[in-house]
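Colleague: fold the following, please.
(one chain, ligands or ions: 1)
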Amino acid sequence: MTDAAALPVSALSPEQAKAELARLAFEIAFHNKAYYQNDKPEISDAEYDQLRQRNSAVEAGFPDLKRADSPSDKIGAPVTDGFAKVRHSRPMLSLGNAFDAADVTDFLAGIVRFLKLPEGAPIAIVAEPKIDGLSAALRYENGIFVQGATRGDGEVGEDITVNLRTIADIPQNIAAAPEILEVRGEVFMSHAAFAELNRQQLAAGRPAYANPRNAAAGSLRQLDAAITASRRLSFRAYAWGQISALPSTTHAGVLAAMNDWGFQVQAHEICVSAAEMIAYHARMEAARSALPYDIDGIVYKVDRLDWQDRLGAASRSPRWAIAHKFAAEQAQTLVEGIDIQVGRTGKLTPVARLRPVTVGGVVVSNATLHNEDYIKEKDIRVGATVLVQRAGDVIPQVLRVVAPGPIPFEFPISCPACGALAVRDEGEVDWRCGGGLTCEAQSVERLRHFVSRNAFDIEGLGEKQISAFHDAGVVEAPADIFRLRERIEDKSRQPLREWEGWGETSADNLFAAIEERRVIALDRLIFALGIRHVGQGNARLLARRYETLENFQAAMSPEANEELLAIDGIGETVAKALLDFFTEEHNRAVWDALVKELNVQDMARADTASELAGQTLVFTGTLEQTSRAEAKARAEALGAKVSGSVSAKTDMVIAGAAAGSKLKKARELGVKVIDEAEWLMLIGAPASQLGEEPS
Ligand code: IVH
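Modeller: Residues are numbered from 1 along each chain as shown. As a prediction, this is how the structure comes out:
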């Protein structure tokens, strides 16, 4: 071995650095195994940390040499083959839900009925916040923490003892505890810890977590407990499993005892009526956004433990407790800035940069403002406090301004990416960059569109990869994709397989996927250009009209305007956008370079002589021998139009299995109906599809 290990990073040659990284990867893996798998560490924690720090330092000095199996990327080091299973001493139940006051009243009435209490008898209820995290069960024997488990399916969980040991809120030893004690509660991440973690994730080039709950889950279920330890997780106790001696006869009493034993317990209140419960819920809902962690409702629990026992559980949830959820969350936050995003066709979209705020468990830091008018109408300004809402997976919305900002927002008069003058045409709501092809932002967006699913759809070449290739100067125009290997060799010192995030297999797969796409249908090619107003439908109309690449190219000149307008479905806007695109010299060059790389397939000739030419068809029911998409394509190739609904204008309905209302309507209207077999005959489908024996 060289003495590289003794040298400071700055003194290492690339060869020495490479050897050093190999040594560190090996040693760290060895000590991981010794510690986590064999429970027999051979070095101190401090020495282990030094190895990891040395590895990070060498990587920082030689980022190109970072190993694919770098210890610094290890999420869940292959320490064990997974987690051992743990059967819970008592099932870990879930909770039923209440959504409104009536549900709360029903919950109480149900208890009165079940216990046959006199009507109106007061029932003490403990109301406590419902934390949005993951539940865990902690087992103590003679006061020593011996095992911790996830909830799992409620019966059997996973042994995450080593991970739970890293959480500061979880005591390792308890004085004066019952001989057997199983404390249950929630593991979660505070907003502060979450923000810090995501900052680190992004700095390390890793994806951010969507919300604190996911971050907590991802941090806890780590085979490498060192990762759990590096995340600031919290724990609150709210229930228990097996316990050899109950310290109290009430729920609140046990919470107090757990607190004495060293557990954190949430503030809670005793309520004696539905009105008090609902008032507590309302108060907490109002206080929610100011809490340091996410809560998604209130849990009500019958305080008396003898009553809890009698009430028991129905299927998976106890009769003595219920979760009262909060309504879809809104939150107030500050507009820190308004940015303008440049789209593929130069559209300028304003986006509010918000001071990050958790809304319904998700951190929201931006929201689209759509266009200039939207901003004016709501008077959204930088420095304004706004009310934002998030419903389900919907993009966050700015509902209204709560406190105005100082200066009205002026929509920029130039493109923020390239500086070209922005234009807003009469009758349009959007401003656009006038820079056209010289605008870098537009070119990246156009490339992203070029490889998207309905365009070239190249496997392994998504938005992320395209941006990276563009940034590296490797892919500037579509044709560059088809010369990727040479371009990479020209522009970068390293072959793709040595780029960060790539390996031998993924690089080979990408090149193969690109080769496969040299053969492309004319309509896909036209759509892929990303010309404004030329979506998939119009691309198909054009391809069908011109059929071959040669015809299409020849037609893309100003003289073709009339011809274009004669195509059913192509209007002036589309014709103008097309001709504008193709008469622009640079575009023409981009196009010529591209088609040289491709083998463009002719559009299947629409058979005007066919019986189906000009007819309107409707497919309904389930087709057995062909997909809907294939049937539609065949029909269109034969000159038919395919519609989704049956009317007097329908010429024919092709009814597959289990056809319903459309078939009925066709019969009522006297429209011709054929079945799938007749359809296949009609289009001259191959014998294999017709179910005949091959001859
Ligand atoms: S009591 C048998 N109390 O909510 C009662 N659960 O929807 C067991 N949770 O699995 C649960 N805060 O992960 C209880 N104060 C609280 C809670 C709470 C959060 C979670 C817990 C449970 C889920 C049920």
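
Colleague: does A555 touch E563 like I think?
Modeller: Yes - contact criterion Cβ atoms under 8 Å: A555 and E563 qualify, at 6.4 Å. For glycine as for every other residue, the C-beta is placed from the backbone atoms N, C-alpha and C.

Colleague: which of these two has more neighbours?
Modeller: A555 (18 against 13; other Cβ atoms under 10 Å).

Colleague: let me see the backbone angles for that one.
Modeller: phi -80, psi -20 (degrees, to the nearest 10).

Colleague: what helix or strand is the most centrally placed residue in the chain located in?
Modeller: Centroid-nearest residue in the chain, with Cα atoms, centre = their mean: A210, separated by 7.9 Å. Following DSSP states H and E, one finds A210 outside all helices and strands.

Colleague: contacting residues around it?
Modeller: By Cβ atoms under 8 Å, 6 or more residues apart in numbering, the contact set of A210 is V362, V363.

Colleague: now do it against the ligand, distance only.
Modeller: 19 Å (Cβ to the nearest ligand atom, to the nearest Å).

Colleague: and the host helix or strand of S365, how far out from the chain middle?
Modeller: For S365, the element it lies in under DSSP H and E is strand 362-368. What separates the centre of strand 362-368 from the centre of its chain is 14 Å, taken as Cα atoms, centre = their mean, to the nearest Å.

Colleague: so which helix or strand of the chain has the lowest pLDDT on average?
Modeller: helix 687-690 (a mean of 62; mean pLDDT, DSSP states H and E).

Colleague: now the residue in the stretch 51-200 of the chain that the ligand sits nearest to: phi and psi?
Modeller: Per Cβ to the nearest ligand atom, S135 is where the stretch 51-200 of the chain lies closest to the ligand, at 3.4 Å. Note on S135: its backbone torsions stand at phi -90, psi 150 [degrees, to the nearest 10].

Colleague: I'd assumed L164 was in contact with it.
Modeller: No - using Cβ under 8 Å, S135 is not in contact with L164; the gap is 11.9 Å.

Colleague: these two: which is more packed in?
Modeller: Using other Cβ under 10 Å, the more surrounded residue of S135 and L164 is L164, with 24 against 21.

Colleague: ok, now how distant is the more buried one from A149?
Modeller: Going from L164 to A149 by Cβ to Cβ, to the nearest Å gives 9 Å.

Colleague: which residues do these two both contact?
Modeller: The contact lists of L164 and A149 share A136, where a contact means Cβ under 8 Å, 6+ apart.

Colleague: enumerate the residues of the stretch 251-400 of the chain near the ligand.
Modeller: V299, P318, A321, A323 (Cβ under 6 Å from any ligand atom).

Colleague: redo that, cut-off 5 Å
Modeller: Contact residues, the stretch 251-400 of the chain versus the ligand (Cβ under 5 Å from any ligand atom): V299, P318.

Colleague: how about the stretch 251-400 of the chain: which residue is closest to the ligand?
Modeller: Closest point on the stretch 251-400 of the chain to the ligand, by Cβ to the nearest ligand atom, is V299, at 4.1 Å.

Colleague: mind checking which helix or strand that residue is in?
Modeller: According to DSSP H and E, V299 maps onto strand 295-302.

Colleague: I'd like the next helix or strand past that strand.
Modeller: Per DSSP H and E, the helix or strand that comes after strand 295-302 is helix 305-311.

Colleague: only the buried residues of that next one, if you could.
Modeller: By 16 or more other Cβ atoms under 10 Å, the buried positions in helix 305-311 come out as L305, W307, Q308, L311.

Colleague: swap in stretch 371-378?
Modeller: The neighbour-count check on stretch 371-378 (16+ other Cβ under 10 Å) flags N371, E372, I375 as buried.

Colleague: check stretch 629-637 too.
Modeller: So stretch 629-637, judged by 16+ other Cβ under 10 Å, has buried residues A631, R634, A635, E636, A637.

Colleague: likewise stretch 128-142?
Modeller: 128-140.

Colleague: need the residues you listed in JSON lines (columns: secondary structure).
Modeller: Output for those, formatted as JSON lines (DSSP: H, G, I helix; E, B strand; the rest coil):
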{"residue": "E128", "secondary structure": "strand"}
{"residue": "P129", "secondary structure": "strand"}
{"residue": "K130", "secondary structure": "strand"}
{"residue": "I131", "secondary structure": "strand"}
{"residue": "D132", "secondary structure": "coil"}
{"residue": "G133", "secondary structure": "coil"}
{"residue": "L134", "secondary structure": "strand"}
{"residue": "S135", "secondary structure": "strand"}
{"residue": "A136", "secondary structure": "strand"}
{"residue": "A137", "secondary structure": "strand"}
{"residue": "L138", "secondary structure": "strand"}
{"residue": "R139", "secondary structure": "strand"}
{"residue": "Y140", "secondary structure": "strand"}
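
Colleague: can you give the distance of stretch 656-667 from its chain's centre?
Modeller: That offset, for stretch 656-667, works out to 39 Å (Cα atoms, centre = their mean).

Colleague: which residues touch L598?
Modeller: Neighbouring residues of L598 by Cβ under 8 Å, 6+ apart: F482, R518, V519, I520, L525.

Colleague: got the residues of the chain near the ligand?
Modeller: By Cβ under 5 Å from any ligand atom, the residues of the chain that approach the ligand are L93, S94, L95, E128, K130, I131, S135, E186, Y238, A239, V299, P318.

Colleague: for this protein, which helix is longest?
Modeller: Longest helix in the chain by number of residues, with DSSP state H as the criterion: helix 14-32.

Colleague: I'd like to know which elements that helix is packed against.
Modeller: If you count contacts as 3 or more Cβ pairs under 8 Å, 6 or more residues apart in numbering; DSSP states H and E, helix 14-32 packs onto helix 45-61.

Colleague: tell me which strands the helix or strand that the helix it packs on is followed by pairs with, and in which orientation.
Modeller: On the C-terminal side of helix 45-61, the closest following helix or strand by DSSP H and E is strand 85-87. In the sheet, strand 85-87 lines up against strand 156-158 (antiparallel) (DSSP bridges).

Colleague: which element follows the strand it pairs with toward the C-terminus?
Modeller: Assigned by DSSP H and E, the successor of strand 156-158 is helix 161-164.

Colleague: got the contact list for R487?
Modeller: If you count contacts by Cβ under 8 Å, 6+ apart, then R487 has V474, V475, D480 around it.

Colleague: okay, the longest helix of the chain in PDB with CA atoms only?
Modeller: What follows is helix 14-32 as a C-alpha-only set of coordinates in PDB (Å, rounded to 0.1, in the frame of the first residue of the first chain):
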ATOM      1  CA  PRO A  14      -5.500  11.400  -8.900                       C
ATOM      2  CA  GLU A  15      -4.100   7.900  -8.800                       C
ATOM      3  CA  GLN A  16      -3.500   8.100  -5.100                       C
ATOM      4  CA  ALA A  17      -7.000   9.600  -4.500                       C
ATOM      5  CA  LYS A  18      -8.500   6.700  -6.500                       C
ATOM      6  CA  ALA A  19      -6.700   4.100  -4.400                       C
ATOM      7  CA  GLU A  20      -7.600   6.000  -1.200                       C
ATOM      8  CA  LEU A  21     -11.300   6.000  -2.100                       C
ATOM      9  CA  ALA A  22     -11.100   2.300  -2.800                       C
ATOM     10  CA  ARG A  23      -9.400   1.600   0.600                       C
ATOM     11  CA  LEU A  24     -12.000   3.800   2.500                       C
ATOM     12  CA  ALA A  25     -15.000   2.100   0.800                       C
ATOM     13  CA  PHE A  26     -13.600  -1.300   1.800                       C
ATOM     14  CA  GLU A  27     -12.800  -0.300   5.400                       C
ATOM     15  CA  ILE A  28     -16.100   1.500   6.000                       C
ATOM     16  CA  ALA A  29     -18.000  -1.500   4.700                       C
ATOM     17  CA  PHE A  30     -16.000  -3.800   6.900                       C
ATOM     18  CA  HIS A  31     -16.700  -1.800  10.000                       C
ATOM     19  CA  ASN A  32     -20.400  -1.400   9.200                       C
END
